[in-house]
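[1] Test case, fold it:
(2 chains, ligands or ions: 2)
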Amino acid sequence: MAKIWVRQAVLRALDDAMKEDPDVIVMGEDVAAAGGPFKVTEGLLAEHGPSRVIDTPISEMGFLGAAVGAAVCGLKPVVEIMFIEFIGVALDQLSTQAATMRYLSRGRLTTPLVVRASAGAGQGFGCQHSQMLDHWFRGTPGLKVCVTSNARTTYGLLRSAIDDPDPVVVLEPRILYSEREEFEHDPAYRIPLGQAEIVRPGTDATVVTCGALVRTALEAAASSRANVEVIDLLTLWPWDRKTVAESVARTGRLVTVEESTATAGWGADIVSTIAVEHFGKLKAAPHRITLPDAPVPYSGVLEARYLPSATYIAEQVDALVSTNQPPLPWWRNAA
Amino acid sequence: MTSLSNSNSPLARREALESRLEQLTRMIEIRSVEERIQKLFGEGHIRGSTHLANGQEAVSVGIARSIDPDDIVTCTYRGHGHALALGVTTVGVLGEICGRTVGCAGGLGGSMHLVEPAVGLLPTAAIIGAGLPIACGAGLAARTRGKDRIAVSIFGDGSSNIGAFHEALNFAAILKLPVVFVCENNLYGEYSRIDLTTAVEDIALRATSYNMPGVMVDGQDVDAVAAAMETAVARARRGEGPSLLEMKTYRYSGHSRSDPATYRRPGELDQWLKRDPIDILARKLVEEKLLAADGLEPLKAEVRDAVERAAQEVLASPHPDLGEIMSHVSAASADGDRRFAFWQ
Ligand SMILES: Cc1ncc(C[n+]2csc(CCOP(=O)(O)OP(=O)(O)O)c2C)c(N)n1
Ligand SMILES: [Mg+2]
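    Ligands and ions are numbered 1, 2, ... in the order given. So this is what the prediction gives:
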């Protein structure tokens, strides 16, 4: 096994997919000649040429819409949205056009399109360049949404997203790009969309998380007094009900750790499903650890408080396990 | 000599721009602040990214001296120079970029989000094209409320490829809104030269489709910038509608802090350095007998010292309280609605 940067896992996934399937094309701002704003497409242009690796103007609506049209007509476009917020100017093409193509044609037209974007907080990019925004997509029938958490899951999810016959949004926590990890390169490797992974077994509580917070949750689990099971959800929609339900049946406690605002975070759906369908298995009310309902602050001091830390997660989990009462979030404790 | 520039009041700093010497001083200040920001980044005081505008100082000062402090300005992440020119203090800009309470957004915004309602500056936007429609709305509000105020929107050449540019220009033209659209054509959008991304290299040509004046301006000459602005501003105030001004300029730095700008055409930077906006204005002031023949270097040193004092003041200043995270989300979240009242 060799060590690679997480951003190189994106490159390997794109490169392998392009080698295997001539219909796969890559589009985005500065993805070709410059090798990508985050260097995740370095070398792709030289390898696959300008008709398949395409630099675009700053026209997200234009090129995402073109990707929708190209997907309907036989290509498999992978579109890079540099920071997920930039999809705001192009949202119609994804959530209203791409997402309804299959429905309106009663299955005769499809949009095998991948939108991949850097996302998330923690680096001081400020409130317009630090969100996950998965809730913009989760609520749209016709779209799938997943979140990568390391080199392996980046590769496995991206390959599955490109294989998928429908539009998929892949959110890549930007903060992970410069992590260096062991990675076994296998072009056949896939992580099926909709399948979660238990990344740490435990008996006292099930912590469900995704993205950059997987690392943080594992750190919290290691320092917690309780024996915590950690699940990397990987796909936020459709999410893996079976893996989560079975885990909660064993531990009796559910905690979601989300890089989402308290309102509209993905954990709300998980908690309600488990509470409704597996009420009898719960020893305590399910608990959500989220961001507050506020924009992402720039100041490092504030952003460190804003994001759940390992210490905070461990405190919250320990409080839940020891009392069977969900603790208050920090912003309500302070009030 | 630079006492007004050093004032703590954005409004006083703005009014000081009536002086020719102050215009030069401010351009030097912008350059010095950008250089200090670069250094602060290296020293680990700045998070995320920063987008410097050294080389583009004449555009900032030319705009600021041509409009009133209660005219509205929308601008992009490449906004340090514009904020300083409009009147935001060096401590306000450096403080924001270092995330301190003395920053003009109290440390909530960072480099890409500078703001000062007292001199008309709405929060600078980090999304391409966002400011253009907002400027239309400011112009609409002014007209509807019977004020002869105007709005200016500043954006880059690459931004003229986004839908919001075209929608805003057409909207402003149809409603004859008092807006001046100012494109800073510095030949690059991120790492791509304009010819690779944009169907025309003269953005002013795009005004034709929206039936408004489109003017190409020497963006390195503060007086040329101001002259073009004054014409467009007068037209807007007369109710005759919007204009598109294209400032031909150049950024000396890369796109953002991590960009060595290896994509530049060979020799291009050197050509532009020969037409440095600070040198151009300094030469004029010597001719106008407002600056001694050997006055530029001492002035630069004086400004650099002032910027350094501001940087030290910022670094000694506190980080925001944690309560700030929740305090400004809605009128209900802090001490009620304390909105700034424009044009009372
Ligand atoms: C909608 C959107 N797409 C992409 C970006 C990323 N981005 C930031 S600056 C920039 C280049 C802008 O070029 P230009 O308009 O010429 O302005 P300059 O940076 O040269 O001042 C890009 C693509 C963004 N901020 N918003
Ligand atoms: Mg530009």
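
[2] in the stretch 1-150 of chain B, which spans are strands?
    For the stretch 1-150 of chain B, strands defined by DSSP state E, counting those that start in this stretch occupy the ranges B:72-74.

[3] Quick check: residues of it near ligand 2?
    Not one residue of the stretch 1-150 of chain B sits near ligand 2, judged by CB under 5 Å from the ion. (Each C-beta comes from the backbone N, C-alpha and C, glycine too.)

[4] Contact partners for whichever residue of the stretch 1-150 of chain B sits closest to ligand 2?
    In the stretch 1-150 of chain B, the residue that lies nearest ligand 2 is B:Arg78 (8.1 Å; CB to the ion). B:Arg78 makes contact with B:51-53, B:56, B:156, B:184, B:251 under the criterion CB atoms under 8 Å, 6 or more residues apart in numbering or on different chains.

[5] ok, it to B:Arg36 distance?
    B:Arg78 sits 17 Å away from B:Arg36, going by CB to CB, to the nearest Å.

[6] Skipping its backbone neighbours, what lies nearest the residue in chain A positioned nearest to chain B in space?
    Nearest residue of chain A to chain B (CB to the nearest CB) works out as A:Gly124 at 2.3 Å. Of all residues not flanking A:Gly124 in the chain, B:Arg47 sits nearest, at 2.3 Å (CB to CB, 6 or more residues apart in numbering or on different chains).

[7] Adding distance to ligand 1 and neighbour count, write the contacts of B:Arg78 out as a markdown table.
    Below are the contacts of B:Arg78 laid out as a markdown table (distance: CB to the nearest ligand atom, whole Å; neighbours: other CB atoms under 10 Å in any protein chain shown):
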| residue | distance to ligand 1 | neighbour count |
| --- | --- | --- |
| B:His51 | 6 | 23 |
| B:Leu52 | 10 | 25 |
| B:Ala53 | 7 | 26 |
| B:Gln56 | 8 | 27 |
| B:Gly156 | 2 | 26 |
| B:Glu184 | 6 | 28 |
| B:Arg251 | 6 | 22 |
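
[8] Spell out which parts of chain A neighbour chain B.
    Counting by CB under 8 Å from any CB of the partner chain, the residues of chain A close to chain B are A:29-30, A:33-34, A:37, A:55-62, A:85-86, A:88-89, A:123-129, A:292-295, A:297-303, A:305-306, A:331, A:334.

[9] Please spell out the PyMOL selection for the buried subset of those.
    In PyMOL, a selection of the buried entries from the residues of chain A next to chain B looks like this (16 or more other CB atoms under 10 Å in any protein chain shown):
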select buried, chain A and resi 29+30+34+37+55+56+57+58+59+60+61+62+85+86+89+123+124+125+126+127+128+129+292+294+295+297+298+299+300+301+302+303+305+306+331
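
[10] which regions of chain B lie under the pLDDT threshold?
    By pLDDT under 70, the weakly predicted segments of chain B are B:1-6.

[11] Secondary structure element holding B:Ile154?
    strand B:151-156 (DSSP states H and E).

[12] Do that strand and chain A come into contact?
    No - under the criterion of CB under 8 Å from any CB, strand B:151-156 makes no contact with chain A; the nearest approach is 8.7 Å.

[13] For whichever helix or strand comes after that strand, which outside residues touch it?
    For strand B:151-156, the succeeding helix or strand toward the C-terminus, using DSSP H and E, is helix B:163-174. Defining contact as CB under 8 Å, 6+ apart, one finds that helix B:163-174 is touched by A:59, A:61-62, A:89, B:128-130, B:132-133, B:135-136, B:139, B:153, B:155, B:159, B:177, B:179, B:181, B:206-207, B:209-212, B:241-242, B:244.

[14] Of the residues you listed, which are in range of ligand 1?
    A:89, B:128, B:155, B:159 (CB under 6 Å from any ligand atom).

[15] Who are the contact partners of the residue lying closest to the first one once chain neighbours are set aside?
    On the basis of CB to CB, 6+ apart, the spatially nearest residue to A:Val89 that is not a chain neighbour turns out to be A:Glu60, at 5.0 Å. Applying CB under 8 Å, 6+ apart to A:Glu60 gives the contacts A:81, A:86-87, A:89-90, B:162.
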